[in-house]
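Colleague: Need a 3D model of the following:
(chains A and B)
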Amino acid sequence: MKALRKKIRELFEKGEVDAVLGYREDPASGEVKAAVFKKDETLDDMVFDGRCIQNLVNYLPTLVARYRKVGVVLKGCDGRSLVTQLVEHRINKSQIIALGVGCEGVEIDGKEAEKCYDCATHMSPIADHEFGEKGEKREPAFAGVEEIEKMSPVERWKFFADYFAKCERCYACRQICPSCYCEICIADQQEPKWIEPSAKLSANTMWHLIRAYHLAGRCADCGECERVCPQDIPLRLLNNALEEAVHEMFGVRPGTVPEEVPPLVVLNKDDPDRILEGKNE
Amino acid sequence: MQIDKEPKILAILCKWCSYAGADLAGTSRFAYPANVRIIQVPCSGRVDPVMIFKAFVEGYDGVMVSGCHPGDCHYGTGNYHARRRMAVARRLLQFVGVHPERMHFTWISAAEGKKFAEVCGQFTDKLKMLSGSEKTLARKELAT
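Modeller: Below you'll find the model as predicted:
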């Protein structure tokens, strides 16, 4: 943390950044929230610990429009998120200074977040400066997905239908997702209207399938959708199932390799036809 | 349990190969089940998985998508894109509980009228074997 503060001060003095996006502890409430630090502001209340669960990449597109150069504090998963934004040319790397911080896991209500069990990298895959332990890269196991895959089709549907039925269609999952940024979302589109706006099971099912499909090969598993869901729908299960499928079929894990193009925007003439037959279970 | 109704199948076919193949099946008088409803699209690359999701939610028993054989796409590469998309869409639907046999993705050329009739026949037979209670995602089950 000391090294991080020192580096940020140095960057400000050299004029290499105009603003730094990090986490600030509110002295009154003790809450940790995303905050923008500017040149002459104190960095004393800047923190980085288990409470820093927010994905800061979500704020970057607004910030790069306002400032010439922005520093950003990144956990491993947020780093993956940043990579996905860079390959889609939503943000220009020349405007970003990535400050990778070795993450030891984050908490929700004092318990380790579920996404941390499936952490692929503790350190951001893209970092101009690294702080703390780099940790090892590993392949996520996705125990939750395995659990579902043991079920029969009817059991699976029962499991998901119970959750989909609860959906309020508040679209918090869409708003929080750094990768959901269509100007007109397919859910808001009137003609053709693929998804009915009312919160009923059939329309909710459409929404959740489409949301998951549009994130296939792009979702960096930052877990924000699941965290903000007011009904605690296990959205990460859908994301992870597709991450696993895409990794198995196309050998790509979104965000872990800088400059790797999302698999669904490119084609490969050598893809085997057997991928059309689905997974043998 | 045998389903009492005939299965309803949606076939999304590309204009240049598979639709022409279906046309050939008709002009050659190959019989194929009347369960199949066809939607023509300009290219299999046009097929958005949203269409498949919608079909299941609206109550179709099975969806088949067919385009030109790899390498034969009228527009060059549409079917390669389609292959990746359909593969991912299938995995997603399978994950939430659509029986894998309710989806069929294949390549049918304009000369393969017979193949089209066969594929439709086999797919219909398969769907008839599946029990109606295993129909997931369908609107009538979605009544809350």
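
Colleague: Mind listing residues that contact the helix or strand containing B:Gln40?
Modeller: Element membership of B:Gln40, judged by DSSP states H and E, is strand B:36-41. Identification of contacts with strand B:36-41 by CB atoms under 8 Å, 6 or more residues apart in numbering or on different chains yields B:8-15, B:19, B:22, B:47, B:51, B:64, B:120, B:124. From N, CA and C alone the C-beta is placed, and that goes for glycine too.

Colleague: Among those residues, which one has the most neighbours?
Modeller: Per-residue neighbour counts (other CB atoms under 10 Å in any protein chain shown) across these peak at B:Cys14, which has 30 neighbours.

Colleague: Quick check, it in contact with B:Ala22.
Modeller: No: checked against CB atoms under 8 Å, the pair B:Cys14 and B:Ala22 is beyond contact range at 10.5 Å.

Colleague: Okay, and which of the contacts of strand B:36-41 map to helices?
Modeller: B:19, B:22, B:51, B:120, B:124 (DSSP state H).

Colleague: you'd agree the last one is up against B:Ala31?
Modeller: Right, B:Thr124. No: counting by CB under 8 Å, B:Thr124 stays clear of B:Ala31, with 11.7 Å between them.

Colleague: Whatever residue of the stretch 151-281 of chain A ends up closest to chain B and A:Tyr163, how far apart?
Modeller: Proximity of the stretch 151-281 of chain A to chain B (CB to the nearest CB) peaks at A:Trp157, 3.0 Å away. A:Trp157 is 11 Å from A:Tyr163, where distance means CB to CB, to the nearest Å.

Colleague: Look at these two and report which has more neighbours.
Modeller: A:Trp157 (23 against 18).

Colleague: Who are the contact partners of that one?
Modeller: Going by CB under 8 Å, 6+ apart, A:Trp157 touches B:96-98, B:136-137.

Colleague: Report the secondary structure element holding it.
Modeller: Assigned by DSSP H and E, A:Trp157 falls in helix A:153-166.

Colleague: Give me the neighbour count for residue 62.
Modeller: Since you didn't name a chain, this refers to chain A. A:Thr62 has 11 neighbouring residues, counting by other CB under 10 Å.

Colleague: You answered for a different chain; I wanted chain B.
Modeller: Neighbour tally, B:Gly62, other CB under 10 Å: 25.

Colleague: cool, and B:Gly121?
Modeller: 16.

Colleague: Am I right that A:Ala143 is in contact with A:Glu114?
Modeller: No: if you go by CB under 8 Å, A:Ala143 and A:Glu114 don't touch, sitting 9.4 Å apart.

Colleague: between those two, who's got more neighbours?
Modeller: Legend: neighbour count by other CB under 10 Å for A:Ala143 and A:Glu114, higher for A:Glu114 (15 against 11).

Colleague: and B:Ala143, what pLDDT?
Modeller: Note on B:Ala143: pLDDT of 45.

Colleague: residue nearest the centroid of chain A?
Modeller: The residue lying closest to the centre of chain A (CA atoms, centre = their mean) is A:Cys222, at 3.2 Å.

Colleague: Name all residues that make contact with that residue.
Modeller: Contacts for A:Cys222 (CB under 8 Å, 6+ apart) come out as A:55, A:57, A:77-78, A:80-81, A:115, A:178.
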